[in-house]
Structure formats: structure tokens, C-alpha cells
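> the following comprises the amino acid sequence and a computationally predicted model.
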Number of protein chains: 2
Amino acid sequence: MKVKGLMRFQAPESLSEQIAQHLGQRIITGQLKPGERIQELKVAGELDVSRGSVREALLILERRHLIEIYPRRGAVVSQLTPELVNSLYDVYGELLCVLGKRLLERWSSVDASGLLSRLKELEQRVEQHAGDAELVIEAGFELMRLAYRQVDNPFLEETLENFRPAVSRTYYVALESFRNGYTHTRDFFVSLAKAASAGDSQQVDQIIRDFAELQRSQVLEVLGEQSEAQGR
Amino acid sequence: MKVKGLMRFQAPESLSEQIAQHLGQRIITGQLKPGERIQELKVAGELDVSRGSVREALLILERRHLIEIYPRRGAVVSQLTPELVNSLYDVYGELLCVLGKRLLERWSSVDASGLLSRLKELEQRVEQHAGDAELVIEAGFELMRLAYRQVDNPFLEETLENFRPAVSRTYYVALESFRNGYTHTRDFFVSLAKAASAGDSQQVDQIIRDFAELQRSQVLEVLGEQSEAQGR
């Protein structure tokens, strides 16, 4: 089976990890909707893999907060609730700020011009592919990875990576509903590069905070509209 | 299989989780020392379990940053380096502050008097058992669990629980070397209760920060002395 895995630079993933990424991507992009059941047997048939591998993949997806597994009903795509979104951004925003802060502290010893030119590339990619949510989200995470390499904090990296599927999902919701999300992401890259070049740690902190808060509020707005439309 | 740590109120742990906790506790308390090899076969024999269960336990311990697994040498207790300690406390301290902040925000709707009386119990336990590092560390984490239940943020809880083994290990180092660590832990509980009762969110933040920073600096001091003694 060959499925689209996002972390192409890494060692080959286990089969269950590949299945998890395949299903995960379908949840992130809304092809599998909240409340929708994921049937082990059906997935195994479709992908021509063993049921055991699918079961393992579902456990991975549960740890990533993309599905819930119930004793009788089996796996169900998790709901995006305001509580979940707030919980996620409460922690995620803070960790991004830690990453930014530590990066700025090391700014004099990092390859700043290399980093800035990569950031410029990402900015252009977002500019050219506005409308392609998956690609823009990927650019955002690539920036995060660039920062990891400089900051070298395994606890921070691991935690942010754990949040990545859940954040991808909410980011996708925001980008699909707010066309200006693409401009915001590009502007985020531009202003971040500027503040980092100036060594302005406080400004970096504020830019990251604003970006995370904007995303949070956009997702919450979409959820609010959805629940209104459903008359809940 | 559950990846969470010592949450005894939960469902019974799998065998490999139990083995991981057993070995983990020996690493945390320094009975297994940094650089020491852990031999799969030997552990399997001692505990009368299968090699496969031990192997799985070792993978759990690797994820918890307590051991490193090398292709040929096998599992080795990880070194406590200043870099690792700084990485850990950079993230851990920040997350504890998020927990404190969110708890204070909900203070009016939580069972404050119940919480404060539990805190009082913990304070007395630390008072009575000063010198018993494991018990004091456990009291600290029990406070964290009390806060989880009120704050109800699965991302935060999961992340803090993931850090727990690594933090237990550094906390142990601090308590073993600084007898005043016990007094500090008790004082931490007392001042936290006071600031929370007063609804003073800024004070709570500062108390948590100071506590985490004190622990960090104590651990770093011990590591500095050790490396000096070894003439490194």
C-alpha cells in the first residue's frame, strides 16, 4: 500500500503508521466527518491490509485525538467541540511561544540567513498556492521543523509533533472558511522574519500569540455557525 | 497499551507497562545509574516474564526519556545532562503555569474548599515524610491530578503526564541533594493554597515559576558538582 505520508524526510513508517496517516489526512481534510464511523473490516478491505494493522492504526489515531473508540460502536471520528479547540490552543500557543523564545535566544549562533531564506521560500509557496490548504498547513509545519533543529529541545519537539494532527485539522477548518487565512499565514511568515532579524523577542512572542489566537477564534466561529445551522 | 505513567486510579496496566514502571522507578531513584546497561534477557529472567514484554517495556522507557536504545549495545540508562534538564524545565514550567492559570479562571466554579483541604493533606504528608523523596514527589503529582480534574484539558494532562517520569527523576536528584527541598515543597503547597484562595492569578503564576526554577537550578547544581568530581 502506498499512502500519502507527510513526513517524507523520515525513516519509512510502519504499516499501521501509514494507515493512520492516510485515515488521519482524510479526517483532517474533512472527507471523514465528525461522528462518522470507521469500520475496521471495510478499511482493511479497501487498503488490502490486515485487520490487525487497521486496529493498530486506529489506536494511533485515538492518541492523536482524531477518533474515539467505543466498546461496541467501534471507531468514530471525534467531534470538534469548542472545548477541544480551546484546550488545544491553550497549550499549543504557549508551546509555540517557547519555541520562538528559545530560537531568538540562539539567534546569534544559528544560521540566520539560511533560516530566513527558507522562510522566504515558504512565504512564496503560500503565496503561489493560496487555496491549497494542505500545502499551506505543511509550510507552517515546515517552519516549525526548521525551528526545532535550531532549538534542539526533544520534549518541545515531541509535544508539538503530538499536537500536529489535531492542529492540522483545526487549521484546515479555518483555511477552508476564511479565505484571508492564506494572507494571514503569509503575513505571519513575513512579520516573523522581520521581528527575528531585528532580534525582537517580545515582538516574536506577540506575533506567534496573535497568529494562534486568530486561528482559534476562526475555528470557534465556524463551529458556532455550524451548531447554529444545525439548530443545536 | 497505555502510555500514561503512574495513574493508579486507572485500569490495570499491561504487563509491559508494569515492567516499564518497575524499571522506571529504579532509574528515577538512581538505583539504575546513567550509562548502566539494561539487559533484556537478564530482566526477563529476574522478573520471570517474556523477552518480548521486556522489549516493549524498554520502548516505553525510551519514549519517556529514561533510557536510550542503541543498535548493538542495547538499552542504556540515559544521561542526565544540563541540556536535557534545561529542555525539560523550559517546557514543563510553562505547562504548569498554563494549568495554574486555567484552574484560577475556574476557581469560582470548582469545589475550592475540597481542593484546599486536599492540598492541606498533601502539605501534612510532606511534613510528616520529609526525607522520603518518592512519597513527596508523589504528593506533588497528586496535586497536579487534582488540578487536571478541574481544568479538564486532555492535551495538557497528557503532555504533563508524558513528562512525569523525566521530572520525577530530576525532582529526586534535587530532593536527595538538598534537604531543604522538602521544606520548599511544603512551602510551595502553602503559598499556592493562599494565592489561589485570594484568586491572585499572577501570584499563582509566580509561585509555580519560582518552584520550577528552583528545582531546575538545584538539579543543574548537582550535575555540575558531579561532573567536577569526575574531572570532566
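Arrived safely. Nothing here was measured: the structure is a model prediction, and the numbers come from that model.

> rest of the way, CA atoms for contacts and neighbours
OK.

> now the most centrally placed residue in chain A: which helix or strand?
For chain A, the residue nearest the mean C-alpha position is A:Ser168 (2.8 Å; CA atoms, centre = their mean). Secondary-structure assignment from DSSP states H and E places A:Ser168 in helix A:154-177.

> what does A:Arg186 give?
helix A:180-197.

> give me the mean pLDDT for that helix.
Helix A:180-197 carries an average pLDDT of 89.

> and the helix or strand just after it, what does it pack against?
Next in sequence after helix A:180-197, counting helices and strands by DSSP H and E, comes helix A:201-229. Under the contact criterion of 3 or more CA pairs under 8 Å, 6 or more residues apart in numbering or on different chains; DSSP states H and E, helix A:201-229 touches helix A:82-105, helix A:154-177, helix A:180-197.

> now render those helices as a markdown table, adding distance to chain B.
Shown next, in a markdown table, are these (distance: least, CA to the nearest CA, whole Å):
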| stretch | distance to chain B |
| --- | --- |
| helix A:82-105 | 5 |
| helix A:154-177 | 6 |
| helix A:180-197 | 20 |
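
> nearest to B:Ser50, of the ones you listed?
Of all the helices and strands packed on helix A:201-229, helix A:154-177 sits nearest to B:Ser50, with 29.7 Å by CA to CA.

> tell me the angle of the closest one relative to helix A:82-105?
If you take axes from the mean of the first three to the mean of the last three CA atoms, to 10 degrees, helix A:154-177 sits at 120 degrees to helix A:82-105.

> show residues contacting helix A:154-177.
Residues outside helix A:154-177 that contact it (CA atoms under 8 Å, 6 or more residues apart in numbering or on different chains): A:24, A:27-29, A:64-66, A:85, A:88, A:92, A:95-96, A:99, A:133-134, A:137, A:148, A:181-182, A:215, A:218-219, A:222, B:87-88, B:91, B:159, B:163.

> that helix: which residues count as buried?
Burial within helix A:154-177, assessed by neighbour count using 16 or more other CA atoms under 10 Å in any protein chain shown, is assigned to A:155-157, A:159-163, A:165-176.

> centre of the chain versus it, how much separation?
3 Å (CA atoms, centre = their mean, to the nearest Å).

> may I have it as CSV, with CA atoms only?
The C-alpha coordinates for helix A:154-177 follow below in CSV (Å, rounded to 0.1, in the frame of the first residue of the first chain):
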residue,chain,number,x,y,z
PRO,A,154,13.3,16.9,22.4
PHE,A,155,10.5,17.5,24.8
LEU,A,156,9.2,20.5,23.0
GLU,A,157,9.6,18.9,19.6
GLU,A,158,7.8,15.7,20.6
THR,A,159,4.9,17.6,22.2
LEU,A,160,4.4,19.9,19.3
GLU,A,161,4.5,16.9,16.9
ASN,A,162,1.9,15.1,19.0
PHE,A,163,-0.4,18.0,18.6
ARG,A,164,0.2,18.3,14.9
PRO,A,165,-2.7,16.2,13.6
ALA,A,166,-5.2,17.9,15.8
VAL,A,167,-3.9,21.3,14.9
SER,A,168,-3.8,20.4,11.2
ARG,A,169,-7.5,19.6,11.5
THR,A,170,-8.4,22.9,13.1
TYR,A,171,-6.1,24.9,10.8
TYR,A,172,-7.8,23.3,7.8
VAL,A,173,-11.2,24.3,9.1
ALA,A,174,-10.0,27.9,9.5
LEU,A,175,-8.5,28.0,6.0
GLU,A,176,-11.5,26.5,4.3
SER,A,177,-13.8,29.1,5.8
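
> pLDDT of that helix, averaged?
Taken as a whole, helix A:154-177 carries a mean pLDDT of 94.
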